[in-house]
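Student: Got a predicted structure plus its sequence, pasted below:
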Amino acid sequence: MTMIVCGLADLPGVIAARRPSHVVTLLDPTTLIPTPAGIAPERHLQLGVNDIAHPMEGMTAPQEDLVTRLLDFSGSWDETAPMVVHCWAGVSRSTASAFTLACARSPDTDEAQIAWTLRSLAPHAYPNRRIVALADDMLGRSGRMVDAVSAIGGNGYVSLGAPFDFAARH
């Protein structure tokens with residue numbers, strides 16, 4: 001089954017069309033959204049985090065707890081219905097989280113293969129480097145996730161992504 005990665009503006013349409021069982025929201029802590037209609041509250045993970053790669057005054061940087069909560073939450077997803085992973089624009093926090101989940105669910109698959117699949121499906125993707133680095137460490141990937149995301153390069157400064165499907169297992 002797939003994860004659907006999108007921005008906040010596309011979320012209602014994606015939920016209506018695809019009927020996901022789980023939703024991961026990664027938004028600024030002050031703009032978190034209520035659980036979308038049709039989604040059970042226990043199947044909506046709300047992660048209040050700013051899209052930054054380094055700590056900044058007045059902002060919430062990704063921490064280990066974010067990755068722990070993401071991985072724990074994904075354990076309840078049986079993949080019979082899609083999971084939506086979204087952030088504000090569908091470019092950075094959501095793509096980093098989807099990449100993390102794909103790596104976690106495919107421990108024997110080369111991280112570079114997963115990253116290049118991500119790039120081919122989403123030229124706009126620019127996974128948040130801090131989320132990826134934290135996940136790399138927590139999953140014991142010895143820098144391979146970080147290297148894989150670095151290898152796919154930037155996104156040409158695209159600021160808004162389009163929804164795309166990303167396989168949970170590779």
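Tutor: Arrived safely, thanks for sending. Numbers count the residues shown, from 1 in each chain.
Student: Next secondary structure after the longest helix anywhere in the chain?
Tutor: Secondary structure of the chain read by DSSP state H shows that its longest helix is helix 93-105. For helix 93-105, the succeeding helix or strand toward the C-terminus, using DSSP states H and E, is helix 111-121.
Student: Quick one: residues in contact with the helix or strand that that following helix is followed by.
Tutor: Once helix 111-121 ends, the next helix or strand along the chain (criterion: DSSP H and E) is helix 129-138. Helix 129-138 has contacts (Cβ atoms under 8 Å, 6 or more residues apart in numbering) with 52-54, 61-64, 66-68, 71, 93, 96-97, 99-100, 103-104, 141-146, 149. All C-beta atoms are positioned from the backbone trio N, CA, C, and that covers glycine.
Student: If we use 7 Å, what do you get?
Tutor: With contacts defined as Cβ atoms under 7 Å, 6 or more residues apart in numbering, helix 129-138 is touched by 53, 61-62, 64, 66-67, 93, 96-97, 99-100, 103, 143-146, 149.
Student: Apply the buried test to those residues and list what passes.
Tutor: 61-62, 66-67, 93, 96-97, 99-100, 103, 144-146, 149 (16 or more other Cβ atoms under 10 Å).
Student: distance of the closest residue to residue 92 other than its chain neighbours from residue 118?
Tutor: Once flanking residues are discounted, residue 92 sits nearest to residue 128: 4.5 Å by Cβ to Cβ, 6 or more residues apart in numbering. Between residue 128 and residue 118 the distance, using Cβ to Cβ, to the nearest Å, works out to 13 Å.
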